[in-house]
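S.K.: predicted model, plus sequence, below.
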Amino acid sequence: MSRRPVAVFALAPWALGDVFPPDLVTRLRQLVDIDPATTFTSFEGPAAAAALAQADILITGWGCPRVDADVLAAAPGLRVLVHAAGTVKARLDPVVFERGLVVSSAADVNAVPVADYTMAMLVLGAKQAFSRARRYATAVEGAPRDWLSGDGTGLHHCTVGVIGASRIGRLVLRRLQSFDVEVLLHDPYVTAAEAARLGAEPVSVDDLCRRSDLVTVHAPALPETRHMLDGRRLDLLPEGAVVINTARGSLIDTEALTRLCATGRISAVLDVTDPEPLPSGHPLFALPNVIITPHLAGAQGRELRRLGEFAVAEVSRFLKGTPLLGRVEPEHLPYSA
């Protein structure tokens, strides 16, 4: 390429500022020509058309419009798409790969805070911290505070069931090796030998539910995984079990989960729900043994910068002709989160 490569931002303005602070923009501009004051959330209109016509590199993120055949027709020189966020699954038409574009995603970077969140919730969930804290806060004036004895609580010697050896699931499995726990894994694409290397025993979903004190979900949302944890399987969970979902809300039957949690037999930690968000006044919000967070397990606040750092490094690697660390292969896309 005789001229300097041209890059275009296509992500929400808030994401541009948080993911690419000024020093990262400066670093990026040492590699490519890019207008840091312009970012597109739609590829309609003359400004987007003019930018795409010159683009060699498209840097995308949250708020990026879908990249399809029309976008590619408007960007004849486009060679690589670098996604400074998690999954690109819903943002790319298959024609992107047919055209031969290189696609990279910062999904591995975004997976780190999700795995950390999961581990925190495993520790707190095993201690029944949320329901015990709520009982403690609402104790009747003058009555003994409900400290509880803690019998049967704690992560030590628990059985943890991991559903899905995704990039996040594998990070969780790696972190669990530091704890004295038994680990079960359900993933139809993982062999027994690979599960052993991950420190887990491969089992069916039913067996995992029967044996696990805590279940953490890291599978993709596919037609075959919808309501993977339905009423029948949730009923298999032992008394006091905790279900943690940071994947997709559709993997759990919300109605069945509500019924089981309302009995007090199991607890839940949900960073995703079905529907998302839950309607105001949904009974899950009121249950003392359920905590619902607003899809915040992924990169937030100060963590967002790491996505931008990764994207800038990927642009550098691409221009040098070295392998991209976040390269997305089209055959893997249907099974990603």
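M.R.: Yep, it's here.

S.K.: please count neighbours and contacts with C-alpha atoms only from this point.
M.R.: Will do.

S.K.: where do the strands sit along the stretch 51-200 of the chain?
M.R.: Taking DSSP state E, counting those that start in this stretch, the strands of the stretch 51-200 of the chain run over residues 57-60, 80-83, 102-105, 159-163, 182-186.

S.K.: could you dump these into CSV and include distance to Val114?
M.R.: Formatted as CSV, the strands of the stretch 51-200 of the chain follow (distance: least, C-alpha to C-alpha, whole Å):
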stretch, distance to Val114
strand 57-60, 21
strand 80-83, 18
strand 102-105, 16
strand 159-163, 14
strand 182-186, 18
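
S.K.: now those in a markdown table, with distance to Gly326 and mean neighbour count?
M.R.: Converted to a markdown table, the strands of the stretch 51-200 of the chain look like this (distance: least, C-alpha to C-alpha, whole Å; neighbours: other C-alpha atoms under 10 Å):
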| stretch | distance to Gly326 | mean neighbour count |
| --- | --- | --- |
| strand 57-60 | 13 | 25 |
| strand 80-83 | 9 | 26 |
| strand 102-105 | 5 | 23 |
| strand 159-163 | 23 | 26 |
| strand 182-186 | 25 | 24 |
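
S.K.: redo those strands as TSV? Include mean pLDDT.
M.R.: Listed next are the strands of the stretch 51-200 of the chain as TSV, based on pLDDT from 0 to 100:
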stretch	mean pLDDT
strand 57-60	98
strand 80-83	98
strand 102-105	97
strand 159-163	98
strand 182-186	98
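
S.K.: mind listing what's buried in the least confident helix or strand in the chain by mean pLDDT?
M.R.: Least confident helix or strand of the chain, by mean pLDDT, DSSP states H and E, is helix 129-137 with a mean of 87. Judged by neighbour count (16 or more other C-alpha atoms under 10 Å), helix 129-137 contains these buried residues: 129-132, 135.

S.K.: can you give me the strands for the stretch 201-337 of the chain?
M.R.: Secondary structure of the stretch 201-337 of the chain (DSSP E, counting those that start in this stretch): strands at 201-202, 214-217, 242-245, 267-270, 290-292.

S.K.: contacting residues for Asp68?
M.R.: By C-alpha atoms under 8 Å, 6 or more residues apart in numbering, the contact set of Asp68 is 92-96.

S.K.: which pair of those spans the longest distance?
M.R.: The span of these, defined through C-alpha to C-alpha, is set by Leu92 and Val95 at 8.0 Å.

S.K.: which one of those two is surrounded by more residues?
M.R.: Using other C-alpha atoms under 10 Å, the more surrounded residue of Leu92 and Val95 is Leu92, with 17 against 13.

S.K.: contacts only, for the more buried one.
M.R.: 66-68.

S.K.: any idea what it is bridged to?
M.R.: For Leu92, the beta-bridge partners are Val67 (DSSP bridges).

S.K.: okay, it and Pro334: tell me how far apart.
M.R.: Distance from Leu92 to Pro334, counting by C-alpha to C-alpha, to the nearest Å: 11 Å.

S.K.: next: Asp70.
M.R.: Where Pro334 is concerned, Asp70 sits at a distance of 22 Å (C-alpha to C-alpha).
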